[in-house]
Every structure is written in structure tokens, then in C-alpha cells.
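A.B. asks: Just to be clear, the model below is a prediction. Sequence and coordinates:
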Amino acid sequence: MRNRTPLIAGNWKMYKITPEAVDTARQLVKLVADCSNVDIMIAPVFTALDPVSGVVRGSRVALGAQNLHWEKEGAYTGEISADMLVSAGCQYVIIGHSERRQYFGETDETVNQKIRAAIDAGLIPVFCVGESEADREAGQTFSVLDKQVKMGLDKYFAKDLGTLVIAYEPVWAIGTGKTATKEQAQEVHAYIRSLIDQLFDQALAQSLRILYGGSVKPDNIAALMEMPDIDGALVGGASLDAGSFSKIVKFK
Ligand code: PGA
């Protein structure tokens, strides 16, 4: 039996102006008030963090951000630091999402620095990895993940990574309606866990939460969660509606 507390995380991407974000968060807080044994996080846009934090404070729902900069402060126009996220009420931060890698020049090196900044500020990093469709078709899935995980966590020690969450998101499954099968996801999750064991130690590998992301919906979450190495989900589209997200949270 898995002894890791599942985490269901909602990535709201660039959706919802502040009143909409506040309204969805309010509905969600009510819908999941009776949930236990599951951690719940939502990641609205930066401008909605502070107002949403007022709504979720003291509830079952934790707040996360979708990105951060690795420096503490400085002349970095348009960027936001880990301490700034903490002061807006965040407990989590998503790092290295494939959309950031694809459209905004995020690299394994910047991901590595961002994980450090998050940990130093006491934020829980949700470190995203995943292969593209071309990688999978070329039989490169494991080598791509290997590189992303090794470089993202280069120069870390197991003791730094106690809170780390990894999200496996095959790029071909994000926003496409094409979910990986539970067997495909389990195979990769088990691979990532064995890699963590090899790079760090068994205790970290066993406690590490590995989320699946990519077209997770209320009707496919239960099957995914049956798999021994799937510890939750990072949900995009289906997290925007409090009703559907709460159904995913209540997957059992
Ligand atoms: P999706 O997005 O659930 O809409 O596929 C997942 C993600 O990008 O985190």
C-alpha cells in the first residue's frame, strides 16, 4: 500500500481574472471541505494569488504559483521571486512546466536554479518533466526523462529534497484529450522512482510524490490512482471548474 499522501494540484495557466479566480476558489473550498487524506493545491495567475490566498486560508486548499525566478530580488523586469510568492500566501510552486520549456526558454539549468530558490524559501517545488510525442515515437522517453531529472536535480542532496514533488506530464497528453494509459504512466513513474533511488537514496525514492499530468479528468483519475507509483495529478483544463476539479480530488 502506498503511504504517500496523494496531491491533486490544479494548474490554472493563463486563465481567470481575479474575480473569477476568487469565485472558483470559494466554490472549491466548499466542495472539498470534507475531504481528508489528500492534499489539494491550486495555482492561479500571479495577480490573483494574494486575493485567492485570502479565500483558501484555513481551508483544505493550498495555494501555488506557476513559476518563479531564482534570484531573491534585483533588476529582473517582469519576474517574481520565491519570497514574493511566500508573502502572497503560496506554499507550492510549479517549476519547468513543458509550456514554459516550449515557449519561454526554460531549460534544465534554469529549472535547477528555480528548484533551489523554492526550497530555500520553504516552497514545495512541483518539478515537471515529460517527453514529447516525437521523443516517445523515437523510443527516447526514458533517456529524455533521465536527462531532465538528472539535470534538474544536479548538485542536490537527498536532505534538500524532502518536500520535492515530481510531475510526469507527457507533452503529447497535455490539453489534447489523449491521456497516457495507466500502464504507460505507471511504467514512467516507476522509472522515475528508481532513478531517484539510484541518484539519492531509497528513503527519498519511497517518500517522493510523483504526480501524473496530461488530460486528467473526473472519469480517468480513479484508474490512474490505482497504480502503485501514481501519487496524484497535476490538472490543467479540468481544474478550471470547481465542480470537475472537486470530483478529481474525490477520486476514491
Ligand atoms: P491538461 O494540462 O490537464 O489540460 O492536459 C495539464 C498541465 O498542463 O499541467
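C.D. replies: Sure thing, it's come through.

A.B. asks: Am I right that residue 167 is in a helix?
C.D. replies: No: going by DSSP: H, G, I helix; E, B strand; the rest coil, the assignment for residue 167 is strand, not a helix.

A.B. asks: What's opposite it in the beta bridge?
C.D. replies: Counting by DSSP bridges, residue 167 forms beta bridges with residue 128, residue 211.

A.B. asks: and it, what does it touch?
C.D. replies: Contacts for residue 167 (Cβ atoms under 8 Å, 6 or more residues apart in numbering) come out as 9, 94, 126-129, 210-213, 234. Glycine gets a C-beta too; all of them are placed from N, C-alpha and C.

A.B. asks: For the residues you listed, pick the one with the most neighbours.
C.D. replies: Counting neighbours by other Cβ atoms under 10 Å, residue 212 leads those with 32 neighbours.

A.B. asks: What sits closest to that one if chain neighbours are left out?
C.D. replies: Using Cβ to Cβ, 6 or more residues apart in numbering and skipping residues adjacent in sequence, the residue nearest residue 212 is residue 185, 4.7 Å away.

A.B. asks: So that neighbour belongs to a helix, correct?
C.D. replies: Yes: applying three-state DSSP, one finds residue 185 inside a helix.

A.B. asks: Quick one: residues contacting it.
C.D. replies: Contacts of residue 185 by Cβ under 8 Å, 6+ apart are 168, 212, 224, 227, 230.

A.B. asks: next one: phi and psi at residue 8?
C.D. replies: Dihedral angles of residue 8 (phi, psi; degrees, to the nearest 10) stand at phi -110, psi 120.

A.B. asks: What's the separation between it and residue 124?
C.D. replies: Residue 8 is 14 Å from residue 124, where distance means Cβ to Cβ, to the nearest Å.

A.B. asks: out of the two, which sits in the busier spot?
C.D. replies: Taking other Cβ under 10 Å, residue 8 and residue 124 do not tie; residue 8 has more neighbours (27 against 21).

A.B. asks: For the ligand, see how far away the more buried one is.
C.D. replies: Residue 8 sits at a distance of 12 Å from the ligand (criterion: Cβ to the nearest ligand atom, to the nearest Å).

A.B. asks: so what's that residue bridging to?
C.D. replies: Beta-bridge partners, per DSSP bridges, of residue 8: residue 40, residue 233.

A.B. asks: Identify the residue spatially nearest to residue 243, adjacent ones excluded.
C.D. replies: residue 31 (7.1 Å).

A.B. asks: For the ligand, see how far away that neighbour is.
C.D. replies: Counting by Cβ to the nearest ligand atom, the gap from residue 31 to the ligand is 19 Å.
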